[in-house]
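K.L.:
let's see this in three dimensions:
(one chain, ligands or ions: 1)
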Amino acid sequence: MNELTLYIGNKNYSSWSMRPWLVLQHSGLPFREIVSPLRQPDSKARFLALSPAGRVPVLHHGHVVIWESLAICEYLAELAPGAGLWPSDPALRAHARSIAHEMHAGFARLRENLPMDVRSDRRAQSRAHLAADDITRIGDIWRQARQGFGRRMDGPFLFGSFTIADAMYVPVVSRFRTYGVTLEEVGAAYMAAILDWPAFKAWEAAAAAETAVIDFDIFGQPR
Ligand SMILES: N[C@@H](CCC(=O)N[C@@H](CS)C(=O)NCC(=O)O)C(=O)O
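P.N.:
Numbering: from 1, shown residues only. As a prediction, this is how the structure comes out:
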């Protein structure tokens, strides 16, 4: 099999990069990751050489190039059908896809006002009140996934075991920690489980080891 290479942005800041990286970690597929730093004078040229969209993440697999985080996750689900990257039940799978797409396409106020900054504590400068509706909706999404289907849960993730839906929301858990967003019992337990998950901790440690600092007040783009 051709090597899978995932090009990603700075781990401290690039929430879109984190999502397929978590899926790759969970899939068991061997892969190489290459960090291509954001917000450098040559970033755009580097990204355009890697992806027609000129952004990261982008996955290279032989001659195949896949961009857009959720499209990469879907490709990985096809490559690793035994990894359980979507729920096996069709109704649950449709629900998981709905909330994954809702994250991918929405929550602009959350992304604008609570940009990911994994290693920081920004509770004192939190702008969470500007994203209150998004935060309420995300709490509802997590609670319904955890409780809403009258089934036995076999793990701490949204549908029991890890799926792509979790990958889409893990950066939100990190943001809620950074900006001091607290949730009721079910949401709080989900956040605690994610923050303690070895794959998240591995990303967090790598983010903490990075030295680049991006001032996201001039970042100028929702992440
Ligand atoms: N919709 C894209 C968003 C990708 C994206 O905005 N990536 C950011 C980094 S998190 C980026 O490459 N920014 C650099 C730029 O736009 O020049 C996805 O889901 O992959």
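K.L.:
the residue lying closest to Lys44 once chain neighbours are set aside: neighbour count?
P.N.:
On the basis of CB to CB, 6 or more residues apart in numbering, the spatially nearest residue to Lys44 that is not a chain neighbour turns out to be Gly54, at 6.0 Å. Yep, even glycine has a C-beta here, placed from its N, CA and C like the rest. As a burial measure, Gly54 scores 15 neighbours (other CB atoms under 10 Å).
K.L.:
contacting residues around Gly54?
P.N.:
The neighbourhood of Gly54, defined by CB atoms under 8 Å, 6 or more residues apart in numbering, consists of Lys44, Phe47, Leu48.
K.L.:
and it, helix, strand or coil?
P.N.:
Using DSSP: H, G, I helix; E, B strand; the rest coil, the secondary structure recorded for Gly54 is coil.
K.L.:
got the confidence number for it?
P.N.:
pLDDT, Gly54: 98.
K.L.:
distance of it relative to Arg146?
P.N.:
Taking CB to CB, to the nearest Å as the measure, Gly54 falls 37 Å from Arg146.
K.L.:
what's the answer for Leu195, then?
P.N.:
Shown here: Leu195 relative to Arg146, a distance of 16 Å by CB to CB.
K.L.:
comparing the two, which residue is more hemmed in?
P.N.:
Here Leu195 and Arg146 are compared on neighbour count by other CB under 10 Å; more neighbours surround Arg146, at 18 against 15.
K.L.:
element containing that one?
P.N.:
helix 132-147 (DSSP states H and E).
K.L.:
who touches that helix?
P.N.:
By CB under 8 Å, 6+ apart, the list of residues contacting helix 132-147 from outside reads 95-96, 99, 102, 106-107, 109-110, 128, 153, 158-159, 165, 169, 172, 176, 181, 183-184, 186-187, 189-190.
K.L.:
so which bits of that helix are buried?
P.N.:
Buried positions in helix 132-147, judged by neighbour count with 16 or more other CB atoms under 10 Å: Asp134, Ile135, Ile138, Gly139, Ile141, Trp142, Arg143, Ala145, Arg146.
K.L.:
briefly note if the helix or strand following it comes near the ligand.
P.N.:
Helices and strands here follow DSSP H and E; after helix 132-147, the next one along the chain is helix 164-178. No: Helix 164-178 stays clear of the ligand (CB under 6 Å from any ligand atom), getting no nearer than 9.5 Å.
K.L.:
now do helix 164-178 and helix 132-147, the angle between them.
P.N.:
When axes from the mean of the first three to the mean of the last three CA atoms, to 10 degrees is applied, the directions of helix 164-178 and helix 132-147 differ by 130 degrees.
K.L.:
now the next helix-or-strand element following helix 164-178: buried residues?
P.N.:
Later in the chain than helix 164-178, the nearest helix or strand by DSSP H and E is helix 185-195. When burial is assessed from 16+ other CB under 10 Å, helix 185-195 yields the following buried residues: Gly187, Tyr190, Met191, Ile194.
K.L.:
kindly report the same for stretch 51-62.
P.N.:
Applying a neighbour-count criterion of 16+ other CB under 10 Å, the buried positions in stretch 51-62 are Ser51, Arg55, Val56, Pro57, Val58, Leu59, His60, His61.
K.L.:
alright, calling it a day.
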